[in-house]
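Peer 1: fold the following for me, if possible:
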Amino acid sequence: MNKALIVIPTYNEIENIESIIRAVFSQHLKADILVVDDLSPDGTADMVRSLQSEFPDQLHLLVGMGKAGLGKAYLKGFHWALERNYDTVTEMDADFSHPPEKLREMIEAVSSGRADVSIGSRYVPGGGVVNWPLIRLFISRSASFYVRVITGMGIKDPTAGFVCYHEKVLRNIGLDTIQFVGYGFQIEMKYKAYRKGYKLLEIPILFPDRQKGQSKMNILIIREALTGVFKLRFSGKY
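Peer 2: Alright, predicted model coming up:
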């Protein structure tokens, strides 16, 4: 398997971070982990530091200057990965909503050349959500349909945050021009790859609601994603 990196952004994930790190390494992927922490006041970064002696040369940490948003954290991680010549870079959450056991399939889809971008998808056959309220499912499904209609992408789960990129995609889509920081970031990344002609492949996952910690979702993030789709489609920049 080629050189792989898993990027995990964190803000107040002290309840999850040790467990997700151990779960990822238990997959025996020959992959490294980079935790990008936005200066969590709960000690998330200190927990990562305490584990680095157990996983030397495999577990890495970047600490930001404060809560800057999901997109900014991922961009830091992507630039870090490109500077170190990783072949594939996978983004995933710390809260176990993205199943670690699907990492191998997603990374191999990209490293084998079947896809340039693989997406852990809730809304393709075999995928789904677990323990979601009906209103949350309705909003998520409606948002996905809205994004498909406006952008023309055939992706069933365009807001998905469990994604593996080939390094050439990250080098060529213009990371420094990314505009959005919340869930709009996830749509923008996929749209840029789509417009560049890269092959996007959806891989089914089951997506449970988080068991520990607090969700970072809020109305401003949702609004950015919905209004941002129009900017992406009609700005003339893509």
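Peer 1: which residue ranges form the helices in the chain?
Peer 2: For the chain, the helices defined by DSSP state H occupy 17-25, 44-52, 70-83, 103-111, 134-151, 167-172, 183-195, 219-234.
Peer 1: just checking, what packs against the fourth one?
Peer 2: In this structure, helix 103-111 makes packing contacts with strand 4-10, strand 88-91, strand 117-121, strand 163-166, strand 200-204, judged by 3 or more Cβ pairs under 8 Å, 6 or more residues apart in numbering; DSSP states H and E. (Each C-beta comes from the backbone N, C-alpha and C, glycine too.)
Peer 1: the residue nearest to Asn16 when sequence neighbours are not counted: how many residues sit nearby?
Peer 2: The shortest distance from Asn16 to any residue other than its chain neighbours is 4.8 Å, reached at Ala94 (Cβ to Cβ, 6 or more residues apart in numbering). Per other Cβ atoms under 10 Å, the neighbour tally for Ala94 reads 26.
Peer 1: ok, Ala94 to Ala23 distance?
Peer 2: 10 Å (Cβ to Cβ, to the nearest Å).
Peer 1: try Ser112
Peer 2: For Ser112, the distance to Ala23 equals 24 Å [Cβ to Cβ].
Peer 1: so for the two, which sits in the more crowded spot?
Peer 2: Neighbour totals were compared for Ser112 and Ala23, and Ala23 leads with 15 against 10 (other Cβ under 10 Å).
Peer 1: the more buried one reaches Lys102, doesn't it?
Peer 2: No - between Ala23 and Lys102 there is no contact under Cβ atoms under 8 Å: 11.5 Å.
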